[in-house]
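S.K.: pasting a predicted model and its sequence here:
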Amino acid sequence: MNPLTPVQIFCELKNLLFIDIETVSVQPDLDLLDEAMQALWTKRANRLDPQQNPDILYKQWAALSAEFGKIICIAAGYFYLNDEQQLSLRVKSFSGTNEAQLLHDFKYLLENRFNKRTRLVAHNGKHFDYPYLCRRMLINRIMPPAILNIADQKPWEIVHLDTMEMWQYGDKRYLTSLKLLATLFGIPTGKDNIDGSMVHDVFYRDGDYERIAAYCRSDVKVTAQVYLAMRCYPSLAPENIIELS
């Protein structure tokens, strides 16, 4: 069988939008929350680890909870054909300290650049990125766009894709990191020696928002390349990946 041409591959991929988010706790330290929220976090911390100090657990885990965390960066990428008809990827990020504004900007992108046929793709997106985005939008009094809001949809109506779920092949207990999949498929991660556990300090201590945005865009690039590998399509050449901050 002859391999598919880039144009044929693009026809299968043109409605995909790859996303990733980066999050931090809403405040750098627990004692900066109001008393009600401090008490609520302490209750949650006792469920997480009753032997550990709630302040320590706050810095370790609050960013993973939409009630105690916030989004500081969203990256999105999509495939296109360049002037030479080569399959290419364009990745853009929204980042900063104004969460409401970046959520508004991302919602505008979803509603004005993409259509009802668009399918979101993220690694562990069904259990983290998609619900986290919806929850933080509602907390900021922003109605989640239809493409993201699955609250009233039946399971067979949900069009979101998740590369972790794809790799599970039905085995829900099988959790595999994006970095491991990238390593297996020989995909460079280019993480600049940063990982999710470092985002809190890079944001609150260093104020290096662009470093976080670059890390977030990198995850989108890797997720897109992993998706290609899982479809047995060729990887993209580095020159065919365009980044926009």
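M.R.: Sure, I can see it. Residues are numbered from 1 along each chain as shown.
S.K.: in which helix or strand does the closest residue to S65 other than its chain neighbours reside?
M.R.: Here the nearest residue to S65 in space, its sequence neighbours aside, is R44; by Cβ to Cβ, 6 or more residues apart in numbering that works out to 7.5 Å. Quick note: C-beta positions are derived from backbone N, CA and C, even for glycine. Using DSSP states H and E, R44 sits in helix 35-48.
S.K.: what's in contact with that helix?
M.R.: For helix 35-48, contacts defined as Cβ atoms under 8 Å, 6 or more residues apart in numbering pick out L30, D31, L33, Q52, P54, L57, Y58, W61, A62, S65, E67, F68.
S.K.: mark which of these are buried, thanks.
M.R.: L30, L33, P54, L57, Y58, W61, A62, F68 (16 or more other Cβ atoms under 10 Å).
S.K.: the last one against T23, yeah?
M.R.: No. Under the criterion of Cβ atoms under 8 Å, F68 lies out of contact with T23, with a separation of 10.0 Å.
S.K.: buried residues in the helix or strand harbouring I74?
M.R.: According to DSSP H and E, I74 maps onto strand 69-81. For strand 69-81, a neighbour-count test (16+ other Cβ under 10 Å) marks G69, K70, I71, I72, C73, I74, A75, A76, G77, Y78, F79, L81 as buried.
S.K.: which residues in the protein form helices?
M.R.: 6-13, 35-48, 54-61, 99-113, 129-139, 163-168, 178-184, 199-201, 209-230 (DSSP state H).
S.K.: nearest to L120, out of those?
M.R.: Closest of the helices of the chain to L120 is helix 129-139, at 6.7 Å (criterion: Cβ to Cβ).
S.K.: what's the spacing between the residue lying closest to S25 once chain neighbours are set aside and I72?
M.R.: Excluding the flanking residues, the one nearest S25 by Cβ to Cβ, 6+ apart is A62, at 3.7 Å. Going from A62 to I72 by Cβ to Cβ, to the nearest Å gives 13 Å.
S.K.: likewise for D208?
M.R.: 11 Å.
S.K.: where does this structure dip in pLDDT?
M.R.: 1-2, 191-193 (pLDDT under 70).
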